[in-house]
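> could you look at this predicted model? Sequence included:
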Amino acid sequence: MFKVNVDGAVFSSQGAVSVGIIIRHEEGRVEVALSKKIMAPLGAIEVEAKAFEAGHLFAKDIAIQEFVLEGDSIIIYKALCEISSPPSSMELVIVAMHALCRDFRRVEYSHVRRQGNSPAHLLAKHAKSIVDFSKWIEENPCFIEQALIHDVIAFSHT
């Protein structure tokens, strides 16, 4: 079982948004991390939905079959869990993510507060200074090292 944390960021001055994704093994070890810039003038809720979608797609790309997808948007979380309806602008993205779930053995969704999602948030913010994307495989990006240490401590208590 893997944990996929996602977050989005908006860079209004650049007309861009970004997603940060970190995938960890159940012991908390980083398997892969991604910072990706998207040149589109999306709003905060739209980029959060895009982050969840990117988490699904990234898990599929690296052939993970069972994972918990976690982010800090309560609106997207509730829509994915079918607790509430998504905003109309996100309905197609949510439907597409539900369809993607058929490609996996098991997908669960989880909500975390912003402070519990620091590594993914820092990865999203990192994309401001890149052109396309940066990926780390079985290594910790140095700029999230402190957040990972704190997060692994919290991770081991859940």
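Cool, the structure landed.

> give me the longest helix you can find in the protein.
The longest helix of the chain (DSSP state H) is helix 44-61.

> what's that one packed up against?
In terms of contacts (3 or more CB pairs under 8 Å, 6 or more residues apart in numbering; DSSP states H and E), helix 44-61 is packed against strand 2-11, strand 16-25, strand 30-38, strand 66-71, helix 74-80, helix 91-100. No exception for glycine: its C-beta is placed from N, CA and C like everyone else's.

> contacting residues for the nearest residue to residue 131 once chain neighbours are set aside?
Distance criterion CB to CB, 6 or more residues apart in numbering; nearest residue to residue 131, sequence neighbours excluded, is residue 37 at 6.9 Å. The neighbours of residue 37, taking CB atoms under 8 Å, 6 or more residues apart in numbering as the test, are 11, 16-18, 127-128, 130-133.

> recalculate using a threshold of 7 Å.
Counting by CB atoms under 7 Å, 6 or more residues apart in numbering, residue 37 touches 16, 18, 127, 130-133.
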